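Colleague: attaching a predicted model along with its sequence, questions to come.
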Amino acid sequence: MSTIAVLGAGPGLGMSVAQRFAKEGYAVGLVSRSADRHPGYLEALASTGVRAVAVAADLRAPGEAARALAEITSELGPVDVVYHGPGAHDLSAPTAGILETGPADLRRAMAETVEPAAEVASLVLPSMRSRGSGSLVYVSGLSALVPLPFLGPYAAASGALRTYARTLAAAVAEDGINVGSLVVGGLIERGDIHQMLTEPGTPAPYATLDPDEIADAVWRLATGTEDEVVFDVLSQSAAS
């Protein structure tokens with residue numbers, strides 16, 4: 001049985017990815033900062049008949065990614081696919097615009113996005129390369145492709161993350177490993193930000209994306225059918 005590690009297990013896209021791969025017979029390892037919602041996630045996956053474990057870990061903290069992946073490997077076996085899509089640490093925290101962004105802001109944004117992505121790669125690629133198979137899928141924001149000045153340091157970090165993923169893909173392609181880039185621009189239904197911005201029974205204030213459709217794209221990226229997929233309802237809404 002193959003195993004996927006879902007790094008960034010939330011009620012929206014993270015769980016849609018977990019369920020999409022569970023449907024294909026994958027064992028599922030879930031990682032999120034808090035264990036509060038893990039029982040519900042595991043119960044939902046149990047109905048698919050696959051094995052699943054959940055680990056609470058802050059992937060930005062030293063050693064936490066290694067611990068989480070070690071726990072998943074111990075329970076489920078070697079990780080064949082990594083979905084790397086941790087959400088924002090503090091959804092209510094204000095973001096400085098690009099004109100207010102200084103070097104310290106950029107260093108912090110890189111430390112929260114690109115550095116964890118590189119650490120995860122360093123942990124899983126040696127065994128994947130020795131096996132001659134494996135996949136990583138990295139999620140970046142639309143600011144990786146479209147200038148969004150209001151995102152400030154995270155616009156730059158998102159672009160760096162996408163470039164890292166694309167460059168890594170070129171480096172390991174000959175080893176039989178797929179590295180996919182998923183660029184998301186829009187409010188993902190059922191996710192934490194969607195729930196924060198949407199009152200019960202009222203429409204979302206922004207154009208939304210279906211997490212199940214995005215999860216299908218993650219499957220295509222992991223299997224090498226595509227190397228990059230872009231979902232953009234954000235800039236399209238702004239232009240209309």
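Modeller: Nice, I can see it. Numbers count the residues shown, from 1 in each chain.
Colleague: render the CA-only coordinates of stretch 20-36 in CSV, please.
Modeller: Extracted in CSV, the C-alpha atoms of stretch 20-36 (Å, rounded to 0.1, in the frame of the first residue of the first chain):
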residue,chain,number,x,y,z
ARG,A,20,-8.9,11.7,-3.0
PHE,A,21,-5.8,9.6,-2.3
ALA,A,22,-7.6,7.4,0.1
LYS,A,23,-10.0,6.6,-2.8
GLU,A,24,-7.0,5.4,-4.8
GLY,A,25,-6.0,3.0,-1.9
TYR,A,26,-3.4,5.2,-0.3
ALA,A,27,-2.7,5.1,3.4
VAL,A,28,-3.0,8.6,4.8
GLY,A,29,-0.8,10.5,7.2
LEU,A,30,-2.3,13.8,8.3
VAL,A,31,-0.2,16.6,9.9
SER,A,32,-1.5,19.9,11.3
ARG,A,33,-0.5,22.2,14.1
SER,A,34,-3.3,21.2,16.4
ALA,A,35,-4.8,17.8,17.2
ASP,A,36,-8.2,19.2,18.1
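Colleague: Y138: what's it in contact with?
Modeller: Applying Cβ atoms under 8 Å, 6 or more residues apart in numbering to Y138 gives the contacts H84, G85, A117, L161, R162, Y164, A165, V179, G180, S181, L182. In short, each C-beta sits where N, CA and C put it, glycine included.
Colleague: which strand or helix spans it?
Modeller: strand 134-141 (DSSP states H and E).
Colleague: what's the distance between that strand and the middle of its chain?
Modeller: 6 Å (Cα atoms, centre = their mean, to the nearest Å).
Colleague: could you point out which element follows that strand?
Modeller: helix 153-172.
Colleague: okay, buried residues for that following helix please.
Modeller: 153-162, 164-166, 168-169, 172 (16 or more other Cβ atoms under 10 Å).
Colleague: tilt between that helix and strand 134-141?
Modeller: 160 degrees (axes from the mean of the first three to the mean of the last three Cα atoms, to 10 degrees).
Colleague: so which elements touch helix 153-172?
Modeller: If contacts are counted by 3 or more Cβ pairs under 8 Å, 6 or more residues apart in numbering; DSSP states H and E, helix 153-172 sits against helix 103-131, strand 134-141, strand 177-185.
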